[in-house]
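>>> After the sequence you'll find the predicted model.
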Amino acid sequence: MMTGWLVVNGFLQSAKFDELIQLFCEAADRLQVRLQVIRNSECLVKLGNQNDREEESLWEQKDKPDFVIFWDKDILLANYLESMGVPVYNSSDSIAVCDDKRKTHLVLHRAGIPMPQTLLSPMTYNNIGYPDIEFLDQVESALTYPMVIKEAFGSFGEQVYMAQNREQMEQIVQTAGSHELIFQQFIISSRGRDLRLQVVGDRVTGAMYRYSETDFRANITAGGHMRMYQPSDEEIRLAVCAAKAVGCDFAGVDLLFGENGPVVCEVNSNAHFKNLMDCCGINTAEEILHYVVQQSERDRCRG
């Protein structure tokens, strides 16, 4: 029987997260995989201590799983597990790229993937922030109002703002303090609506149309609604290409309705899929686990 770890955060505990864990465990039972839930607080990164290295290696070899599904953003732990020779899905590099919206858009830009015009705020320090905001002149010269401003780190549509004028833009920047930001073209044709496509491997396994009548964001958590959606060939191709560009084996890719075709808004390495399941009846946990098992078996045969 193949064995795997599902690594989750030891401190982020809620009914919503527990439900996803349960879906993975139930999928593992159906696929006859022994899946152990490991909280990152139970598996600390151990460095140095060379005198105990032989004993440590034997312990790791004994308990080493065939694969790890890394459902957390503890990038250093994911990288450490990779260094121990454990296949990790998604990889630490891909999680790091998706976790930071600046890195996401840099990678998408290099891959030639259509996205809103985006500017990155200059780096600053925690104890300084932005006492000088002259760089906003460059933002104004590149983008028109209204514009979208996002903190580089954030989920569920939170830390996403809209500026209608210079005064609002300055207020958002000053309120953000030292948090890194991105400034983006507002895709007017996609106001209050977007698509979430779930990518697993080379396939889109499910898609939903999200919309809001009261907010420029379409996120369900922000009060939006959802319905099942049949994506076009172009939308499928774009979502798969975006996931591959950031190095994800599976991802929730958000697309906007651009005037000349779909554009990528975000790529989520650990996309919560309960809403997709409720909307479309797609069990993403089973799709992901089936894919990971197939990949692990292929790797073992090659080895």
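Here it is on my side, so go on.
>>> buried sites along the longest helix belonging to the chain?
Using DSSP state H, we find that the single longest helix of the chain is helix 284-302. By neighbour count on 16 or more other Cβ atoms under 10 Å, the buried set for helix 284-302 is Thr284, Ala285, Glu286, Glu287, Ile288, Leu289, His290, Tyr291, Val292, Val293, Ser296. Every C-beta, even on glycine, is put in place using the N, C-alpha and C of the backbone.
>>> residues in contact with it?
Residues from elsewhere that reach helix 284-302 (Cβ atoms under 8 Å, 6 or more residues apart in numbering): 2, 4, 20, 23-24, 26-28, 30-31, 33, 35, 66-67, 69, 87, 89, 198, 200-201, 205-206, 249-250, 273, 276-277.
>>> Kindly report the same for stretch 116-123.
Counting by Cβ under 8 Å, 6+ apart, 102, 105-106, 109, 130, 135, 138-139, 142-143, 148, 173, 180-187, 256, 263, 265 sit against stretch 116-123.
>>> that older thread, just the buried ones from the contacts of helix 284-302, in PyMOL syntax?
Applying 16+ other Cβ under 10 Å to the contacts of helix 284-302 leaves a buried subset, and the PyMOL line that selects it is:
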select buried, resi 2+4+20+23+24+27+28+33+35+66+67+69+87+89+198+200+201+205+206+249+250+273+276+277
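>>> Please name the residues that touch Thr3.
Val33, Arg34, Leu35, Gln36, Pro65, Asp66.
>>> what phi and what psi does the backbone show at the second one?
The phi and psi torsions at Arg34 (degrees, to the nearest 10) take the values phi -90, psi 100.
>>> With the third one instead?
Leu35 adopts backbone torsions of phi -110, psi 120, taken as degrees, to the nearest 10.
>>> That one: what's it in contact with?
Counted by Cβ under 8 Å, 6+ apart, Leu35 has contacts Thr3, Gly4, Trp5, Leu6, Phe24, Cys25, Ala28, Leu289.
>>> Also the fifth one?
Neighbouring residues of Pro65 by Cβ under 8 Å, 6+ apart: Thr3, Gly4, Trp5, Gln36, Val86.
>>> Now for those residues: which two are most distant?
Greatest spacing in those, by Cβ to Cβ: Gln36 and Val86 (12.8 Å).
>>> sorry, back to before: which residue in the contacts of Pro65 has the weakest pLDDT?
In terms of pLDDT, the lowest of the contacts of Pro65 is Val86, showing 91.
>>> ok, Met147 - contacts?
The contact partners of Met147, taken as Cβ under 8 Å, 6+ apart, are Val139, Met162, Ala163, Met169, Phe183, Gln184, Gln185, Phe186.
>>> all strands for the stretch 151-300 of the chain, in order.
Here the stretch 151-300 of the chain has its strands, by DSSP state E, counting those that start in this stretch, at 160-163, 181-185, 193-200, 203-211, 225-228, 250-258, 261-268.
>>> what's the angle from the third one to strand 250-258?
Interaxial angle, strand 193-200 versus strand 250-258 (axes from the mean of the first three to the mean of the last three Cα atoms, to 10 degrees): 150 degrees.
>>> Also the second one?
Here the directions of strand 181-185 and strand 250-258 differ by 40 degrees (the same axes, to 10 degrees).
>>> May I see the buried residues of strand 181-185?
Applying 16+ other Cβ under 10 Å to strand 181-185 flags Leu181, Ile182, Phe183, Gln184, Gln185 as buried.
>>> List the contacts of that strand.
Strand 181-185 is contacted by residues 101-102, 105, 116-121, 139, 143-144, 147-152, 169, 172-173 when judged by Cβ under 8 Å, 6+ apart.
>>> From those residues, which land in strands?
Thr118, Leu119, Leu120, Met147, Val148, Ile149, Lys150, Glu151 (DSSP state E).
>>> which ones are touching the residue nearest in space to the middle of the chain?
With the centre of the chain defined as its mean C-alpha position, the nearest residue by Cα atoms, centre = their mean is Asn268, 2.1 Å away. Each residue near Asn268 by Cβ under 8 Å, 6+ apart is listed here: Cys98, Ser155, Ala251, Gly252, Val253, Asp254.
>>> again, but for Leu136
Listed by Cβ under 8 Å, 6+ apart, the contact set of Leu136 reads Arg166, Met169, Glu170, Val173.
>>> quick one: the closest residue to Asp74 other than its chain neighbours from Ser190, how far?
Among residues not flanking Asp74 along the chain, Asn40 sits closest, at 4.5 Å (Cβ to Cβ, 6 or more residues apart in numbering). Separation of Asn40 from Ser190 (Cβ to Cβ, to the nearest Å) stands at 36 Å.
>>> likewise Glu42?
Plainly put, Glu42 is 42 Å away from Ser190 if you go by Cβ to Cβ.
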